[in-house]
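Colleague: Have a look at this prediction, sequence included:
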Amino acid sequence: MCTVLLRFQPDAGWPLLLGAVRDELLDRAWDPPGRHWGGAVVGGRDRVSGGTWLAVDPERSQVAFVLNGVPPSASRARSRGELPLHALAGAGLPADLSGYATFHLALASPTAVRVWSWDGTQLLDRSLEPGDHLLVNLGLDTDTDPLVPHFRPLLAKADDPPVTGAGTEQAWGDWVALLAGDGLAGDDPRALIVRRRFAGRSYGSSSASLVALRPGGIRYDFTALTGTGQPVASWRPVLP
């Protein structure tokens, strides 16, 4: 599963803060954040489909990300990784979603956060209220996922970071520790940093991102993960 921890405070100096962990089959190839599609959009690229699970548009101060839905629907022809790119391009969602497996797609700016959830049959469209939110594969703020009630109070305790400074730890403060996973084992049902076996293959957390947005401003930091919560290399600023 993938997880996004999000704080939306329209009147704050940085109205949108999010920490995101991507989980995937660890042998699935991907590229670190870059301008892989031309233009302004920056994000990690899945080499299999060419899409992304999270990307930002620094010119518009927007971020978009997609999570697989649960329960998974039958395999479909279209890659969900193209959906964040469509959203950032202002194209919205395709009129016909029947070609996609289940998903949760979010488009966020300093003034609004919108989440679309597709269950294979129906589409739910929501605008988030200000506050802290957790999005997991089961959905938005869903306590039936053990991760959500475990990490909700940890997110609430995390101070708003200064979002300034050359290093990620200085800029993000409590949020770096938050994304370290609270010391939970990778096979714990509450785990943020996942490491499991799936169909004979290694599955786990492959990367983590921190994104802050304000009008005319963005901060985007990134690290690759080993699947055990330890960065392959140190956190690094991607933008600015």
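Modeller: Everything's here; your move. Numbering: from 1, shown residues only.

Colleague: Does G43 lie in a helix or a strand, and which?
Modeller: strand 42-46 (DSSP states H and E).

Colleague: In its sheet, which strands sit next to that strand, and in what direction?
Modeller: strand 30-34 (antiparallel), strand 54-57 (antiparallel) (DSSP bridges).

Colleague: In CSV, could you pull the C-alpha coordinates for the lowest-mean-pLDDT helix or strand in the chain?
Modeller: Ranked by mean pLDDT, DSSP states H and E, the weakest helix or strand in the chain is strand 195-198, scoring a mean of 85. The C-alpha coordinates for strand 195-198 follow below in CSV (Å, rounded to 0.1, in the frame of the first residue of the first chain):
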residue,chain,number,x,y,z
ARG,A,195,8.5,-4.8,3.6
ARG,A,196,6.7,-8.0,2.6
ARG,A,197,6.7,-10.9,0.2
PHE,A,198,4.0,-10.9,-2.4
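
Colleague: and it, which residues are buried?
Modeller: Buried residues in strand 195-198, counted by 16 or more other C-beta atoms under 10 Å: R195. For every residue, glycine as well, the C-beta is placed using N, CA and C.

Colleague: Can you pull the poorly scored residue ranges out of this protein?
Modeller: Within the chain, the segments meeting pLDDT under 70 span 1, 72-76, 227-233.

Colleague: Show me where the chain has its helices.
Modeller: For the chain, the helices defined by DSSP state H occupy 83-88, 147-157, 168-172, 174-178.

Colleague: Between the ones you listed, which one is closest to R214.
Modeller: helix 168-172 (13.4 Å; C-beta to C-beta).

Colleague: now for the closest one, which elements pack on it?
Modeller: In terms of contacts (3 or more C-beta pairs under 8 Å, 6 or more residues apart in numbering; DSSP states H and E), helix 168-172 is packed against strand 217-224, strand 236-239.

Colleague: Count the neighbours of D23 for me.
Modeller: A count of nearby residues for D23, using other C-beta atoms under 10 Å, gives 25.

Colleague: who's in contact with stretch 115-122?
Modeller: 69, 73-74, 93, 97, 100-106, 123-128, 135, 139-140 (C-beta atoms under 8 Å, 6 or more residues apart in numbering).

Colleague: could you redo the last one with a cut-off of 6 Å?
Modeller: With contacts defined as C-beta atoms under 6 Å, 6 or more residues apart in numbering, stretch 115-122 is touched by 73, 97, 102-106, 124-126, 140.

Colleague: list the buried ones in the longest strand seen in the chain?
Modeller: Longest strand in the chain, counting residues (DSSP state E): strand 201-214. Using 16+ other C-beta under 10 Å as the test for burial, strand 201-214 gives 203-214.

Colleague: Same check on stretch 78-94?
Modeller: Quick answer for stretch 78-94 (16+ other C-beta under 10 Å): 78-88, 93.

Colleague: start to end distance for that stretch?
Modeller: End-to-end distance for stretch 78-94, by C-alpha to C-alpha, to the nearest Å: 11 Å.
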